[in-house]
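Visitor: fold the stuff below for me.
(chains A and B)
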Amino acid sequence: MQVIIALLSGILFGLGLAISGMANPAKVLNFFDAFGSFDPSLALVMAGALPVTLIGYRLVLKRHAPIFADRFHLPTSKDLDGRLIGGSALFGLGWGLSGFCPGPAIASLVTLSPEPVIFIIAMLAGMLGAARLPRLRPA
Amino acid sequence: METEFTPFASLIGGLLIGSAAILIMVGSGQIAGVSGIVAGLLRSPENGSSWRIAFIAGLLGGAAIAVLAGLFDPGTVRFPATGLLAAIAGLLVGAGTSVGGGCTSGHGICGLARLSPRSLVATCIFMAVAFVVVFITRHIL
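Guide: The predicted structure follows:
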């Protein structure tokens, strides 16, 4: 049942990314180009997604457990550490250079263009590489 | 390159993304964070990961449905980064989301919706860095 839930959630997510225009990296980058070809669409995506999720989570997390699993898998870390800050900065750098973040990159595979394929292979390599790196300081 | 401001479609798309996040939380207790779901699959592919594969397949399927339904025209998509630049960006995004514990969906939507201070910090940083990078590459270099 969790597989069916994940599939349905993925379909809704992919539909949302495609309809919102976020599967188009040019549109994403234009959100950050306030002094050029500015396109505020990404803000509307957040304005659509955030309040719904905020209210939805409030209601859902009142339950003792999810419907088809024994517990909620929520992040427990509370540290505002170097890994969070450095990792997010690296992500922002890659995002700003390409307009790709992980979800939209996968959705944009439907364009059958080579760019998302190159990006995703490199992204997987980056994830594997980061997982192999020793932790430089206790997180 | 100019793109058209699409407030209505983007708002509807955002509502769908939010609904997806609620569905997988209420059904399975999972965060709809794409980088985390993909990274989890890489780390232990044999270990209870079928839901991760299903989510990624659904993501691709949902985008394909949008194309077939005429809600998304792949012909309008432009890729600012090609070749080596796309590969470098991919490495940075993969490593950065692994080390930083999330991406636009995990931190930017699910984390902010949980009012997580970590996700607020992460989201401010990656948005600010992307803004600076775009300013430098488009207006200074």
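Visitor: now do the strands in chain A.
Guide: With strands called from DSSP state E, chain A shows none.
Visitor: who's sitting farthest from the centroid in it?
Guide: Ranked by distance from the centre of chain A (Cα atoms, centre = their mean), the top residue is A:His64, with 26.7 Å.
Visitor: for chain B, see how far away that residue is.
Guide: Separation of A:His64 from chain B (Cβ to the nearest Cβ, to the nearest Å): 11 Å. Where you see a C-beta, it was placed from the backbone N, CA and C, and this is true even at glycine.
Visitor: gap between that residue and B:Ala54?
Guide: The gap separating A:His64 from B:Ala54 is 25 Å, by Cβ to Cβ, to the nearest Å.
Visitor: skip the chain neighbours and tell me the closest residue to B:Gly90.
Guide: A:Ala122 (2.8 Å; Cβ to Cβ, 6 or more residues apart in numbering or on different chains).
Visitor: that neighbour contacts B:Ala89, doesn't it?
Guide: Yes. Using Cβ atoms under 8 Å, A:Ala122 makes contact with B:Ala89 at a distance of 7.4 Å.
Visitor: is B:Ala81 in a helix, a strand, or coil?
Guide: Using DSSP: H, G, I helix; E, B strand; the rest coil, the structure places B:Ala81 in coil.
Visitor: can you get me a residue count around the residue nearest to B:Gly90?
Guide: If you count neighbours by other Cβ atoms under 10 Å in any protein chain shown, A:Ala122 ends up with 24.
Visitor: so the closest residue to A:Ile4 other than its chain neighbours is in which element?
Guide: Ranked by Cβ to Cβ, 6+ apart and with sequence neighbours excluded, the top spatial neighbour of A:Ile4 is B:Ala54, at 7.5 Å. Using DSSP states H and E, B:Ala54 sits in helix B:50-68.
Visitor: what sits against the residue nearest to B:Gly90?
Guide: B:86-91, B:94 (Cβ atoms under 8 Å, 6 or more residues apart in numbering or on different chains).
Visitor: check contacts around the nearest residue to B:Leu112 once chain neighbours are set aside.
Guide: Distance criterion Cβ to Cβ, 6+ apart; nearest residue to B:Leu112, sequence neighbours excluded, is B:Ser119 at 5.5 Å. By Cβ under 8 Å, 6+ apart, B:Ser119 lies in contact with B:102, B:106-108, B:110-112.
Visitor: same question, B:Cys103
Guide: A:91, A:101-103, B:33-36, B:93, B:97, B:126.
Visitor: thank you kindly, that will do.
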